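**Q** Okay, here's the prediction I keep looking at, along with the sequence it came from:
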Amino acid sequence: MERLINIDNGGTLTDIVVASGTEFTFTKTLTTPVDLSQCLFDAMTKASAQIYGEANLAGLLHSTQHIRYSSTQGTNALVQRKGPLIGLITDDPALPDALGTSNDTAALFSDLIGARVGIVSVEGTSQELSQQLVAEINRLTTAGAERLVVAGISPEREHLFKRTMLKNFPRHLLGSVPILFSREFASDTSRQRQVWSGILNSFLHPTVERFLYSAEHRLRAYKVKNPLLIYRNDGASSRVAKSVALKTYSSGPRGGLEGTRALAEAYGLDNVLMIDVGGTTTDVGTVSNRTIAVDRRGSIQGVDISYEMSDVRSTGVGGSSIIAVRDGEITVGPESVGAAPGPACFGFGGTSATITDVNLLLGVLDPATYLNGEMALDAERSRQVITKTVADPLGISLEEALIRMEENYSSHLAQSFADLVSPTGDTTVAAFGGGGPMSACSAARIAGAGTVLVPRLAAVFSAYGISFSDISQSYETHVTGFTDAELSAARTAMQTDAGKDMFQEGHDLSECELEWTTIIEDGEEILSLKATFELPHPAIASGEPATGIAAVPADTRQVRSTATQIDSTPVYLLDDQKPGATAAGPAIVEGPFFTARVPLGWTLTVSAAGDLQLTDTF
């Protein structure tokens, strides 16, 4: 069987899982924000060394059927508002106010658009409208707009705007500004969703475009036969040229949800809550009765969009989120130190404190074993930064600062998912990502959840979840009032489009599964088609062993539990434990590329699949 490479690119670390049947090879590498294609190739090179005994990137690439790639870069860019200034042009004077009708949408509109709105009169000759349009474009670009979204009051007006813009600002000019026409971008019964989709896509596009095309260019140098596939937030994949930036938003968490669904099936769990703690954000989603919660019209930071999305929300609490003092209070995020300079303990010049620095000084992390020993951490640097930025401003000792920072971080993490914990007590928190296992138990206890499941592949779990995706394209046509002949013509046209697109994906339509559905939305009848080419999926490990075998510690670690108390805490190596091994907290569990903290009052059990099951006995 040819290999499948799955890569999840985060703000701080990039994860890779190489699957071949039931065999998995996985590793992590630092994200390279200056050139995001570099960390992709660094990860594949590291994985090839594990497979072949020495680095052999060419050999790995030529034995691979598909490379599926997901990135949180779009998510992180929007959370931190790092993107181009957007200008909006419309002939509907009421539209700007309509787009910001709530506190959430008003804040987002202000951050992305602000005063960069051009209103073109509804009245006048074509020449007068053209003069207005050119004047507004010049005004908006002079005001700093780097991309424009055009929202005409009717399809005819938007088409007129397009002809005028292309005539006066042809795309071959160096000074041309990228323009997105909202009606062309998304088919929707809601005008506000349609326009918001265009605005958000324009904001995300350059961030995603830069590294994806750079990655494709580098892959061509290796004469890779299959194109790079982008994993989307609807759980499917497609090649770069057939994807839109908006569908990459929160795609990594969808991979985590697919993996969470696999866990739910393996362990027979009805209510599983995913918390994926990355470097910049924590992503939260639910799987109920083995089903991923999906919104037909997704929502991003309180704004409804035109595309389907899994119901995942992201908050600015991650392993690299900055913990600081503002107005005499400890704050967490949403700003992140990212991979460069990274947490202070990375030794890359970071001057801000993070939970990684805190856990290092608390003794939870061993500076010599971080990332399986691939990166040595600098505890003295963490001590200096926390003393300067937190302890001294609050007038407290370093030890007290560490405890308060850890409690504050756990509280913020708990707030990101507490409202999704079932009052019946049947919620299992699936904790993964680089930072999830370290803080999951303390946050779960605050949120009222008493069971935590940490998969053995926790450090790369979203990349693992991407393994369950297929190549797919979807189409919609509004068919309200259509005759049988018109409906048949619409089906034929959609199937023709699917044939062209799937051919460009490298597959004949006859090889694909076609799923037709009819949807009623806002009184409109919508015909949809989904064409899917199925890829191999990994086998799901299942079964829980009987407990009662004592887990065997490999070492002890001095871990601070209060400002005045340090406990000698046993350290268990997950991969060295037998199925059914159990122990009581406090404890530290070292898994592949992750560290899990088991507080006092919690018990740990190792499942038959090598996953870590944690139960609160208080």
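**A** All right, it came through fine. Numbers count the residues shown, from 1 in each chain.

**Q** from here on, contacts and neighbour counts on C-alpha atoms
**A** Noted.

**Q** Dihedrals phi and psi, the residue sitting furthest away from the middle of the chain?
**A** Using Cα atoms, centre = their mean, the residue of the chain lying farthest from its centre is T125. It sits 47.4 Å away. Main-chain torsions, T125, degrees, to the nearest 10: phi -70, psi 170.

**Q** what does G435 give?
**A** As for G435, its main-chain torsions (degrees, to the nearest 10) stand at phi -100, psi -10.

**Q** Surely it and G319 touch.
**A** Yes. Between G435 and G319 there is a contact under Cα atoms under 8 Å: 5.4 Å.

**Q** higher neighbour count, these two?
**A** Using other Cα atoms under 10 Å, the more surrounded residue of G435 and G319 is G319, with 30 against 26.

**Q** show me the contacts for the more buried one.
**A** Counting by Cα atoms under 8 Å, 6 or more residues apart in numbering, G319 makes contact with V277, G278, G279, T280, T354, I355, T356, G434, G435.

**Q** buried subset of these?
**A** Among these, those scoring as buried are V277, G278, G279, T280, T354, I355, T356, G434, G435 (criterion: 16 or more other Cα atoms under 10 Å).

**Q** Just the ones in helices from these, please.
**A** Mapping the buried ones among the contacts of G319 onto helices (DSSP state H) picks out I355, T356.

**Q** Identify, from the buried ones among the contacts of G319, the entry nearest to F24.
**A** Of all the buried ones among the contacts of G319, G434 has the smallest distance to F24: 18.3 Å, by Cα to Cα.

**Q** how close does the closest one sit to T29?
**A** According to Cα to Cα, to the nearest Å, G434 and T29 sit 12 Å apart.

**Q** before we move on, what about V358?
**A** In this view, V358 and T29 are 22 Å apart by Cα to Cα.

**Q** and what of G316?
**A** According to Cα to Cα, G316 and T29 sit 22 Å apart.

**Q** of those two, who's got more company?
**A** Per other Cα under 10 Å, whichever of G316 and T29 has more neighbours is G316, with 26 against 21.

**Q** got the contact list for that one?
**A** Going by Cα under 8 Å, 6+ apart, the list of residues near G316 reads V79, T280, T281, T282, G333, P334, E335.

**Q** Go through those residues and single out the one with the most neighbours.
**A** T280 leads the contacts of G316 on contacts (other Cα under 10 Å) with 31 neighbours.

**Q** wait, it sits on G318?
**A** Yes. T280 lies in contact with G318 (Cα under 8 Å); the separation is 4.6 Å.

**Q** so where's the stretch 1-150 of the chain shaky on pLDDT?
**A** Across the stretch 1-150 of the chain, the ranges flagged by pLDDT under 70 are 1, 102, 122.

**Q** Where do the domain boundaries of the protein fall?
**A** Following automatic domain parsing, one gets these domains for the chain: 79-207, 321-410, 471-533, 551-616.

**Q** wait, which of those domains is closest to G59?
**A** Distance to G59, taken as Cα to Cα, is lowest for domain 471-533 among the domains of the chain, at 22.0 Å.

**Q** Poorly predicted segments of the stretch 151-300 of the chain, please.
**A** Low-confidence segments of the stretch 151-300 of the chain (pLDDT under 70): 174-175.

**Q** Please enumerate the strands of it.
**A** 179-181, 228-231, 237-239, 271-277, 282-288, 291-292, 294-295, 299-300 (DSSP state E, counting those that start in this stretch).

**Q** between these, which one is nearest to N56?
**A** That would be strand 228-231 among the strands of the stretch 151-300 of the chain, by Cα to Cα, at 19.0 Å.

**Q** first to last residue in stretch 423-442, what's the distance?
**A** 18 Å.

**Q** Mind checking the pLDDT average for it?
**A** What stretch 423-442 shows for mean pLDDT is 93.

**Q** which residues touch that stretch?
**A** Here stretch 423-442 makes contact (Cα under 8 Å, 6+ apart) with 260, 269-279, 318-319, 410, 421, 444, 448-455, 458-462, 593-599, 614.

**Q** who does the lengthiest helix in the chain touch, helix- and strand-wise?
**A** As assigned by DSSP H, the longest helix anywhere in the chain is helix 191-220. Applying 3 or more Cα pairs under 8 Å, 6 or more residues apart in numbering; DSSP states H and E, one finds that helix 191-220 contacts helix 36-52, helix 73-79, strand 86-90, helix 95-99, strand 147-151, strand 179-181, helix 182-185, strand 303-304.

**Q** go with 6 Å
**A** Judged by 3 or more Cα pairs under 6 Å, 6 or more residues apart in numbering; DSSP states H and E, the packing partners of helix 191-220 are helix 36-52.

**Q** buried residues in the helix it packs on?
**A** Within helix 36-52, the residues that count as buried by 16+ other Cα under 10 Å are 36-48, 51.

**Q** so Q473 touches L529, yeah?
**A** No. Using Cα atoms under 6 Å, Q473 makes no contact with L529, being 8.4 Å away.

**Q** where do the strands sit along the stretch 401-550 of the chain?
**A** Under DSSP E, counting those that start in this stretch, the stretch 401-550 of the chain gives strands at 428-432, 451-454, 471-478, 513-521, 524-533, 549-550.

**Q** Give me the contact list for the shortest one.
**A** Judged by Cα atoms under 6 Å, 6 or more residues apart in numbering, the contacts made with strand 549-550 from elsewhere in the structure are G580, A581, T582.

**Q** who wins for neighbours among these?
**A** A581 (23 neighbours).

**Q** Just want the phi and psi numbers for that one.
**A** Per degrees, to the nearest 10, the backbone of A581 is at phi -60, psi 140.

**Q** pLDDT value on it, please?
**A** 95.

**Q** before we move on, what about D311?
**A** 84.

**Q** Surely it is in contact with V294?
**A** Yes. Between D311 and V294 there is a contact at 5.2 Å, judged by Cα under 6 Å.

**Q** which of the two has more neighbours?
**A** Neighbours per residue (other Cα under 10 Å) separate D311 from V294, with D311 holding more: 23 against 16.

**Q** mind checking how far that one is from V79?
**A** For D311, the distance to V79 equals 17 Å [Cα to Cα].

**Q** cool, and E505?
**A** 32 Å.

**Q** all helices of the stretch 401-550 of the chain, in order?
**A** Along the stretch 401-550 of the chain, the segments classed as helices by DSSP state H, counting those that start in this stretch run 436-447, 461-465, 484-504.

**Q** Run the angle between the longest one and strand 471-478 for me.
**A** Yep, that's helix 484-504 we're talking about. Inter-element angle recorded for helix 484-504 and strand 471-478: 160 degrees (by axes from the mean of the first three to the mean of the last three Cα atoms, to 10 degrees).
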